[in-house]
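Asker: turn this into a model:
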Amino acid sequence: MQTTPRNTNWGLIQTQDLLHVDSQANNLEEERDFDKERLLIHLAIYSARPEIKAIGYSQPPHGLAFSHQGALLKPLTQDSCAFYKVNRLLCLVSLT
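Answerer: Predicted coordinates:
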């Protein structure tokens, strides 16, 4: 499995920047820092739902506001139509 180092600039990332990790979120290569807690959440989802092959998320201010309200984001572009009616809201921590 691969993950990105902490503080990755998504506009500049290259294939060689990815870190190889095992199923316990241990770095198999050099000691570059990465968000192990986030990766452990992803691994738990993969374990519980083997049909899931990738996880994507976003944390823009508007997305956070919607998630705090328990609302799903609506697709606004043609590219996002691929996710129409298949996106899910996952709340790991009670916000009240």
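Asker: contacting residues for residue 36?
Answerer: Residues in contact with residue 36 (CB atoms under 8 Å, 6 or more residues apart in numbering) are residue 25. In this view, the C-beta of every residue, glycine as well, is placed from N, C-alpha and C.
Asker: change it to 10 Å
Answerer: Neighbouring residues of residue 36 by CB atoms under 10 Å, 6 or more residues apart in numbering: 3, 6, 21, 24-27, 43.
Asker: pull the most distant pair out of those.
Answerer: 6 and 24 (18.4 Å; CB to CB).
Asker: which of those two has more residues huddled nearby?
Answerer: residue 6 (12 against 9; other CB atoms under 10 Å).
Asker: surely the more buried one is within a strand?
Answerer: No. Using DSSP: H, G, I helix; E, B strand; the rest coil, the assignment for residue 6 is coil, not a strand.
Asker: ok so, going back, export the contacts of residue 36 to TSV and tack on secondary structure, distance to residue 85 and pLDDT?
Answerer: Listed next are these as TSV, based on DSSP: H, G, I helix; E, B strand; the rest coil; distance: CB to CB, whole Å; pLDDT from 0 to 100:
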residue	secondary structure	distance to residue 85	pLDDT
3	strand	28	85
6	coil	33	84
21	strand	32	88
24	coil	34	85
25	coil	31	85
26	coil	37	85
27	strand	37	86
43	helix	26	88
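Asker: what about residue 4, how many residues nearby?
Answerer: Neighbours of residue 4 under the rule other CB under 10 Å: 17.
Asker: got it, and the one 4 residues further on?
Answerer: By other CB under 10 Å, 15 other residues sit near residue 8.
Asker: ok, now residue 53?
Answerer: 7.
Asker: now swap in residue 37 and tell me
Answerer: Residue 37 has 8 nearby residues by other CB under 10 Å.
Asker: hang on, isn't it packed against residue 3?
Answerer: No. Shown here, residue 37 and residue 3 do not form a contact pair, counting by CB atoms under 10 Å, at 11.7 Å.
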